[in-house]
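K.L.:
need the 3D shape of this:
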Amino acid sequence: MKQLLILSGKGGTGKTTVASAFISLSKAEAYADCDVDAPNLHLISHNDETYLLKGFYGFKKANIDPDKCISCGLCYTHCRFGAVIEGEKYIIDTNACEGCAVCKLVCPVNAITMKPNIVGDLMLYKNEKRVFSTAKLHPGNGNSGLLVSEVKKQMKDNSNKDIAFAVIDGSPGIGCPVIASLSAVDMVLIVAEPSLSGFSDMERIIKTARNFETDIMLCVNKYDINAEITEQIKQMCEKEDILFAGCIPYDSSAIDAINKNKPVTDYEGKASEAIKQIYVKVFERLLDKV
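P.N.:
Have a look, this model is predicted:
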């Protein structure tokens, strides 16, 4: 199964808009949303599949047994994260705890244990035709990279072995979720924005993707809001030997589609036509790769 990952250096470039359009056009049988901090692909995909949810456990966090605690204060003194709350019986603020286990080591009466902690929810939509894997990280928690890896694994484990490809909507930026998303994919499509910040962030995500030695293509969304920077992006692609997939114009019909939770390509318009042309180029290369 070939995996196409759609990324952007920053939020708001139209990454999920392009991903949802590709899923619709290709009638993808396997796809995933790896933006676990703010997943929204499910809003557009309108899944009628069986819905499964399970908690995802991250690193363990401290727990104080009030029956054993002698209120010596050693845990409070040694905690460098302010996670121990002082009182008649000491308790742990799980939002502040980083799981270092120092409190457990210094406790003289073994009143502290390290317990598994749910940091997010894994969600799976599945029927006879398709599989959609996604997740949501709980606020204030880490382990986003591990959760992304589980999203991809869940998609693969629940897909038919003869599926030709999968479409993955990644996270913006270059952090842990993006690194985990990039692992083992066959191609990356970067959706760029023609702005100063968009150009800078685009360069960073290109450098990040190249560390994984994956095939890279690039398109520019809303290219006509800044023709000068769009031209700079094209020149950069030529200089860096990056395949340029095309440009998507600003189009009010795209806004209508998004507001109605529909793929842009369900509507007639300049943006829809441009995305369809980009889709053909990307999938011809993806499926031709050995």
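
K.L.:
can I assume Ile70 is in contact with Ala111?
P.N.:
Yes - checked against Cβ atoms under 8 Å, the pair Ile70 and Ala111 is within contact range at 7.4 Å. To be clear about C-beta, it is placed using only N, CA and C from the backbone, and glycine gets the same treatment.

K.L.:
which of the two has more neighbours?
P.N.:
Neighbour comparison, Ile70 and Ala111: the larger count goes to Ala111, with 21 against 12 (by other Cβ atoms under 10 Å).

K.L.:
let's verify the closest residue to the more buried one other than its chain neighbours: helix, strand, or coil?
P.N.:
Of all residues beyond its chain neighbours, the one nearest Ala111 is Lys68 (3.6 Å), with distances taken as Cβ to Cβ, 6 or more residues apart in numbering. Three-state assignment for Lys68 (DSSP: H, G, I helix; E, B strand; the rest coil): coil.

K.L.:
now do the same for the nearest residue to Ile112 once chain neighbours are set aside: helix, strand or coil?
P.N.:
Take Ile112 and drop its neighbours on the chain: the residue closest to it by Cβ to Cβ, 6+ apart is Lys104, 4.4 Å away. Using three-state DSSP as the criterion, the local structure at Lys104 reads helix.

K.L.:
now do the contacts for Lys104.
P.N.:
Residues near Lys104 by Cβ atoms under 8 Å, 6 or more residues apart in numbering: Ala62, Ile112, Thr113, Met114.

K.L.:
so who does the residue nearest to Ala111 touch?
P.N.:
By Cβ under 8 Å, 6+ apart, the contact set of Lys68 is Val109, Asn110, Ala111.

K.L.:
got it, and Ser183?
P.N.:
Contacts of Ser183 (Cβ under 8 Å, 6+ apart): Ser149, Lys152, Phe212.

K.L.:
quick one: which of those residues is most hemmed in?
P.N.:
Lys152 (21 neighbours).

K.L.:
hang on, that residue in a helix?
P.N.:
Yes - under three-state DSSP, Lys152 sits within a helix.

K.L.:
among the contacts of Lys104, which are in helices?
P.N.:
Secondary structure from DSSP state H places none of these in helices.

K.L.:
wouldn't Asn160 be in contact with Glu29 here?
P.N.:
Yes - the pair Asn160 / Glu29 is scored as a contact, 6.9 Å apart, by Cβ under 8 Å.
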